[in-house]
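>>> 3D model of this:
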Amino acid sequence: MEIIRDVQEMQRRCGDLRRQGKRIAFVPTMGYLHEGHLSLLREGRRQGDVLALSIFVNPIQFGAGEDFEAYPRDLERDCELARREGVDLVFNPKRDDLYPEGFATHVTVSGLTETLCGESRPGHFQGVTTVVCKLFNIIGPDVALFGRKDFQQLAVIQRMARDLDLAVEIRGMPIVREADGLAMSSRNVYLGPAERNQALALVDSLRLARRLVVSGARRAAAVLDAVEQRIRREPLAEIDYIRICHQETLQEMEEVTPDSVLLLAVRFGKTRLIDNHVLFEELNP
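Just a heads-up that it's a prediction; the model follows:
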């Protein structure tokens with residue numbers, strides 16, 4: 001496994017591999033890898049001749065007062081986990097190399113980024129799409145894998161790739177959950193014991209919504225009301241949003257259909273967690 005920090009070196013290395021006819025699978029991350037990331041790496045190992053992983057805590061997707069400085073980092077641990085999963089290339093660029101002095105170009109996806117997480121985190125998705133577009137240009141992957149836990153992010157990146165004719169397949173992978181159902185996230189380490197226990201209301205509310213839909217509920221307002229009541233039973237929960245949206249457009253829906261996704265963002269203490277479920281699909285245990 002090679003660990004590369006220099007942008008030009010990574011670009012040259014991946015260019016050489018493509019000229020050799022190698023298919024490159026890519027998993028972009030901010031590090032502090034967990035089982036969700038590892039599941040993406042395993043699928044990437046199956047999808048490509050070469051498996052590339054980026055580890056970069058992207059400063060321009062964090063807003064004022066967010067947890068950029070405190071975001072968990074452990075490069076040595078991450079590289080050991082990556083090695084075990086058969087990663088060939090780890091790209092760990094320096095901030096000043098990706099964003100040199102005078103950097104003034106950003107990628108903006110309109111229509112999908114002003115709602116949901118985009119409402120409470122202005123500028124977040126512009127930071128995401130800018131760094132992902134740069135990483136695609138540096139690495140030139142054939143396929144890139146993203147987790148469906150960040151459902152809005154996945155939809156935004158898919159739209160960016162389509163609109164800009166990027167020669168990469170964007171593949172969304174299932175949410176990976178802890179044994180008790182909490183969606184895996186690098187931010188879970190911030191949760192205290194009481195917060196961690198109450199955060200299970202997220203997956204519990206998704207299960208509740210799924211049961212309602214299976215039993216015939218189709219009015220989005222009724223499902224949303226039940227979900228909100230369940231989450232508000234937890235004294236530490238502070239709801240950011242609970243919405244049922246169209247999977248592609250992210251526009252709110254009045255009726256639950258096979259195109260519907262239930263999206264949640266809730267704070268427990270200082271930790272903001274997101275989760276989601278496509279309501280006509282089975283929910284992982």
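>>> where exactly do the helices run in the stretch 151-285 of the chain?
151-163, 193-198, 201-214, 220-232 (DSSP state H, counting those that start in this stretch).
>>> Throw those helices into JSON lines and include mean neighbour count, distance to residue 271 and mean pLDDT, thanks.
Using the backbone N, CA and C atoms, a C-beta is placed for each residue, glycine as well. What follows is the helices of the stretch 151-285 of the chain, written out as JSON lines (neighbours: other Cβ atoms under 10 Å; distance: least, Cβ to Cβ, whole Å; pLDDT from 0 to 100):
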{"stretch": "helix 151-163", "mean neighbour count": "20", "distance to residue 271": "18", "mean pLDDT": "98"}
{"stretch": "helix 193-198", "mean neighbour count": "15", "distance to residue 271": "6", "mean pLDDT": "98"}
{"stretch": "helix 201-214", "mean neighbour count": "20", "distance to residue 271": "12", "mean pLDDT": "98"}
{"stretch": "helix 220-232", "mean neighbour count": "16", "distance to residue 271": "15", "mean pLDDT": "98"}
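>>> in a markdown table: those, plus distance to residue 55.
A markdown table is the format used below for these (distance: least, Cβ to Cβ, whole Å):
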| stretch | distance to residue 55 |
| --- | --- |
| helix 151-163 | 17 |
| helix 193-198 | 25 |
| helix 201-214 | 27 |
| helix 220-232 | 33 |
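>>> of those helices, which is nearest residue 249?
For residue 249, the closest of the helices of the stretch 151-285 of the chain is helix 151-163, at 8.5 Å, according to Cβ to Cβ.
>>> thinking again about what came up before, the helices of the stretch 151-285 of the chain: which one's closest to residue 143?
Of all these, helix 151-163 comes closest under Cβ to Cβ, at 11.0 Å.
>>> and the closest one, what does it pack against?
Packing partners of helix 151-163 (3 or more Cβ pairs under 8 Å, 6 or more residues apart in numbering; DSSP states H and E): helix 117-120, helix 124-139, strand 143-147, strand 169-173, strand 260-268.
>>> can you rerun that using 6 Å?
Under the contact definition 3 or more Cβ pairs under 6 Å, 6 or more residues apart in numbering; DSSP states H and E, helix 151-163 sits against helix 124-139, strand 169-173.
>>> got the angle for the first one vs strand 143-147?
Spelled out, that is helix 124-139. 150 degrees (axes from the mean of the first three to the mean of the last three Cα atoms, to 10 degrees).
>>> coming back round to it: with mean neighbour count, distance to residue 208 and mean pLDDT added, can I get the helices and strands packed on helix 151-163 in TSV?
Converted to TSV, the helices and strands packed on helix 151-163 look like this (neighbours: other Cβ under 10 Å; distance: least, Cβ to Cβ, whole Å; pLDDT from 0 to 100):
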stretch	mean neighbour count	distance to residue 208	mean pLDDT
helix 124-139	21	28	98
strand 169-173	17	24	98
